[in-house]
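Trainee: sharing a model that was predicted from the sequence below.
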Amino acid sequence: MPPAGSAEEAYAASFQRMAGLLLNTATCYAGGRPHRFTELEFYFTSPGHPDPFTHGDPMQCERGRWYFHRTGNQYRGGSYKGLDITIGEPGAPGGILIRGLEQLGEDHRLLDGPSLCVDHILALTGHASIASLVSTFSRGVDLEPSGTSPLYVLLDAAPASVRRVYASARVGLTLKRGTSEERVRFLSRPYRFLTEPVRIKKGRLHVAVALHAQGHPVEEVARLTGSTVSQVRRYIAQYEAGRGRAPAEFARDLSTDETCQLLGACAR
């Protein structure tokens with residue numbers, strides 16, 4: 001993480017480096033089964049980086065721990081479940097949201113989405129609830145000295161191959177809870193990182209418009225995201241249409257086209 005007092009712009013490069021490390025050299029073990037991370041989102045808020053989309057749970061004010069998403073003191077259930085690797089510090093909460101995992105082995109099953117990842121981890125560790133799982137260990141991301149951690153991460157010294165890491169805006173962020181300058185500024189930040197844009201189903205439009213903004217031609221965007229050329233053209237047209245609109249116009253539930261427009265309106 002950048003040292004205290006760093007410019008806001010320093011965080012994107014730091015997040016990119018951490019994402020590359022986790023996506024290319026980390027193995028996540030759940031119930032003894034190896035997985036690799038395929039999609040991550042970064043959240044961190046401090047006076048120098050006031051990201052209003054960070055949960056801000058006290059558990060996020062530490063580093064190197066697992067944080068299962070909570071509302072108050074209750075772990076979230078249903079489709080609202082989520083799991084972070086904490087990257088915060090006292091007074092500055094932060095977390096890396098696990099959005100995608102690939103189970104290593106014969107089937108290379110892809111878990112696409114935060115809630116599905118948590119459900120998969122609970123199933124592999126043999127726990128019916130998050131509360132039951134976290135009661136069995138210290139929530140440390142590293143393997144515990146006893147060697148019995150149900151959930152931990154190991155870093156490889158040298159990966160067999162280096163996968164390309166794609167960056168886009170984070171998925172599911174809106175202005176429904178306010179249109180403050182900070183919310184507009186951080187909504188489209190490229191703090192989402194992934195290696196499997198063709199295989200994912202959620203947030204594909206975010207990758208498409210990000211690649212467009214980086215100058216990639218339509219045909220290449222379609223190939224990289226597994227979308228049709230006509231679909232990519234539609235995403236791009238809506239994104240460009242939004243660039244001339246005020247973000248406050250989108251403070252409501254949005255369609256797919258309007259989400260593209262919102263990303264364009266918030267682009268900096």
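Mentor: Alright, I've got the coordinates. If you're wondering where the values come from, they're calculated on a predicted model, not measured in any experiment. Numbers count the residues shown, from 1 in each chain.
Trainee: quick one: the strands in the stretch 101-250 of the chain?
Mentor: 110-112, 151-155, 166-168, 192-194 (DSSP state E, counting those that start in this stretch).
Trainee: closest to F250 out of these?
Mentor: Checking the strands of the stretch 101-250 of the chain against F250 by CB to CB gives strand 166-168 as the closest, at 17.7 Å. In short, each C-beta sits where N, CA and C put it, glycine included.
Trainee: per-domain residue ranges of this structure.
Mentor: Taking automatic domain parsing as the reference, the chain has its domains at 10-155, 170-266.
Trainee: for the residue most central in space within the chain, helix, strand, or coil?
Mentor: Centroid check for the chain by CA atoms, centre = their mean gives E41 as the closest residue, at 1.9 Å. What DSSP: H, G, I helix; E, B strand; the rest coil gives for E41 is strand.
Trainee: out of the domains of the chain, which is closest to P2?
Mentor: Set against P2 and scored by CB to CB, those come closest in domain 10-155, at 4.3 Å.
Trainee: ok, G20 - contacts?
Mentor: V165, F193 (CB atoms under 8 Å, 6 or more residues apart in numbering).
Trainee: name the stretch among the strands of the stretch 101-250 of the chain that sits most buried.
Mentor: strand 192-194 (a mean of 24; mean count of other CB atoms under 10 Å).
Trainee: just checking, what packs against that strand?
Mentor: When contacts are defined as 3 or more CB pairs under 8 Å, 6 or more residues apart in numbering; DSSP states H and E, strand 192-194 packs onto helix 10-25, strand 33-46, strand 94-103, strand 166-168.
Trainee: ok, it: who's next to it in the sheet?
Mentor: If you go by DSSP bridges, strand 192-194 pairs up with strand 33-46 (antiparallel), strand 166-168 (antiparallel).
Trainee: CSV for those strands, including distance to G94 and mean pLDDT?
Mentor: Converted to CSV, those look like this (distance: least, CB to CB, whole Å; pLDDT from 0 to 100):
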stretch, distance to G94, mean pLDDT
strand 33-46, 3, 98
strand 166-168, 18, 98
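Trainee: can you report how many residues neighbour E181?
Mentor: Using other CB atoms under 10 Å, E181 has 10 neighbouring residues.
Trainee: correction: the previous question concerned D51.
Mentor: 23.
Trainee: same question for F15.
Mentor: F15 has 26 neighbouring residues, counting by other CB under 10 Å.
Trainee: contact partners for the nearest residue to it once chain neighbours are set aside?
Mentor: Once flanking residues are discounted, F15 sits nearest to F42: 4.3 Å by CB to CB, 6 or more residues apart in numbering. F42 makes contacts with Y11, F15, M18, A19, I87, G94, G95, I96, L97, Y191, R192, F193, as judged by CB under 8 Å, 6+ apart.
Trainee: again, but for T195
Mentor: Listed by CB under 8 Å, 6+ apart, the contact set of T195 reads L23, N24, T38, E39, R163, R164, V165, Y166.
Trainee: re earlier: and the strands paired with strand 192-194 as a markdown table, adding distance to V134?
Mentor: Output for the strands paired with strand 192-194, formatted as a markdown table (distance: least, CB to CB, whole Å):
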| stretch | distance to V134 |
| --- | --- |
| strand 33-46 | 19 |
| strand 166-168 | 31 |
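Trainee: coming back round to it: thinking the residue nearest to the centre of the chain is in contact with Y191, fair?
Mentor: Yes. Counting by CB atoms under 8 Å, Y191 is a contact partner of E41 at 6.0 Å.
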